[in-house]
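Q: Build me a model:
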Amino acid sequence: MIAKNKTRIQLPGDQSNFAIAVQHLTVSYGPVPALLDISVQVPSGKLVGVIGPNGSGKSTFIKSILGFVKPDVGKVELFGEDTSHTKDRVAYVPQRGTVDWDFPITVREVAAMGRYGKRRWWQDLKKEDYAAADEALEKVRMSEFSTRQIGQLSGGQQQRVFMARALTQNADVLLLDEPFAGVDAATERAILDVLHETKENGKTVVVVHHDLATAAEFFDLLLLLKQRLFAFGPPRQVLDPELLADVYEGNLRVFADLAQSMRSS
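A: A predicted model of the protein is given here:
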């Protein structure tokens, strides 16, 4: 069992090869700490899952990388630069609950929104921007719904549309907050295919994920949070039953059986 203020694993490597560098990050909401002294370096070109109990700071971690929340202490850099200088290099897929689904906008228009960062504020989108949106919708298998208002879609379809919007940005880092929550099997497969293709194209993908049973299958690396960083590394090492029981404050018997089968495979 590790002490709660120690981080297990961590990855060695050349500083220049990290897409995301977090140093002593501490974030509080009023008197309540959400993240405490997080230091981690995420290599470029990896698919990374962020796991941990409810309320452990996973979404805050993503928002800190985006620059949406201001840290009490510490800093976040993308490719060696402060996040204020790298906004065009990162794309974000929020939780579905944060979106106004009644807004009068079509699927194609949402996908094309990812291109606004490529244009001056006074410029309209061009033909090639809508072509990029159409290509992204094809990748997430939503082309046939391009003229539909977003509120008329199922939850899984809505998630795929926001995946398409992120893809049209062609960013170097893609951040997703629980994209698999409440989606059907078809959407899960479509999202996974896109994430793996994005990684194969040299991008870095960081995903908040709640399902421990699928974490080893989905990701190259796992980052285990509970206010502090408990572990970061390959799933086989992070998904340790004793460590998980410590962080999740329980035995996780079902997952312990799965972890045992992973070690024997």
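Q: which residues of the stretch 101-250 of the chain fall in strands?
A: 173-177, 204-208, 221-226, 228-233 (DSSP state E, counting those that start in this stretch).
Q: what ranges do the helices span in the stretch 51-200 of the chain?
A: Taking DSSP state H, counting those that start in this stretch, the helices of the stretch 51-200 of the chain run over residues 58-66, 107-112, 127-139, 155-168, 185-200.
Q: so can I have JSON lines of those showing mean neighbour count and distance to Leu78?
A: The way it works is simple: take the backbone N, C-alpha and C, and place the C-beta from them, glycine included. JSON lines is the format used below for the helices of the stretch 51-200 of the chain (neighbours: other Cβ atoms under 10 Å; distance: least, Cβ to Cβ, whole Å):
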{"stretch": "helix 58-66", "mean neighbour count": "23", "distance to Leu78": "7"}
{"stretch": "helix 107-112", "mean neighbour count": "24", "distance to Leu78": "24"}
{"stretch": "helix 127-139", "mean neighbour count": "18", "distance to Leu78": "22"}
{"stretch": "helix 155-168", "mean neighbour count": "24", "distance to Leu78": "16"}
{"stretch": "helix 185-200", "mean neighbour count": "16", "distance to Leu78": "16"}
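Q: wait, isn't Gln227 in contact with Leu36?
A: Yes. At 4.9 Å, Gln227 counts as touching Leu36 under the criterion of Cβ atoms under 8 Å.
Q: and Val48, bridged to which residues?
A: Counting by DSSP bridges, Val48 is bridged to Val206, Leu221.
Q: Let me have the helices of the stretch 51-200 of the chain in a markdown table, extended by mean pLDDT and distance to His210.
A: Shown next, in a markdown table, are these (pLDDT from 0 to 100; distance: least, Cβ to Cβ, whole Å):
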| stretch | mean pLDDT | distance to His210 |
| --- | --- | --- |
| helix 58-66 | 95 | 8 |
| helix 107-112 | 94 | 25 |
| helix 127-139 | 93 | 24 |
| helix 155-168 | 91 | 14 |
| helix 185-200 | 92 | 13 |
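Q: Distance to Leu175 for the ones you listed - can I get that in CSV?
A: Formatted as CSV, these follow (distance: least, Cβ to Cβ, whole Å):
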stretch, distance to Leu175
helix 58-66, 5
helix 107-112, 18
helix 127-139, 17
helix 155-168, 8
helix 185-200, 12
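Q: Please identify which of those helices is closest to Leu244.
A: Counting by Cβ to Cβ, Leu244 lies closest to helix 58-66 out of these; the figure is 15.0 Å.
Q: Return the alpha-carbon coordinates of that closest one using PDB.
A: These are the backbone C-alpha positions of helix 58-66, laid out as PDB (Å, rounded to 0.1, in the frame of the first residue of the first chain):
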ATOM      1  CA  LYS A  58     -11.100  14.600 -12.800                       C
ATOM      2  CA  SER A  59     -13.100  17.300 -14.500                       C
ATOM      3  CA  THR A  60     -11.200  20.100 -12.700                       C
ATOM      4  CA  PHE A  61      -8.000  18.500 -14.000                       C
ATOM      5  CA  ILE A  62      -9.300  18.800 -17.600                       C
ATOM      6  CA  LYS A  63     -10.500  22.300 -17.000                       C
ATOM      7  CA  SER A  64      -7.100  23.300 -15.600                       C
ATOM      8  CA  ILE A  65      -5.400  22.100 -18.800                       C
ATOM      9  CA  LEU A  66      -7.900  24.100 -20.800                       C
END
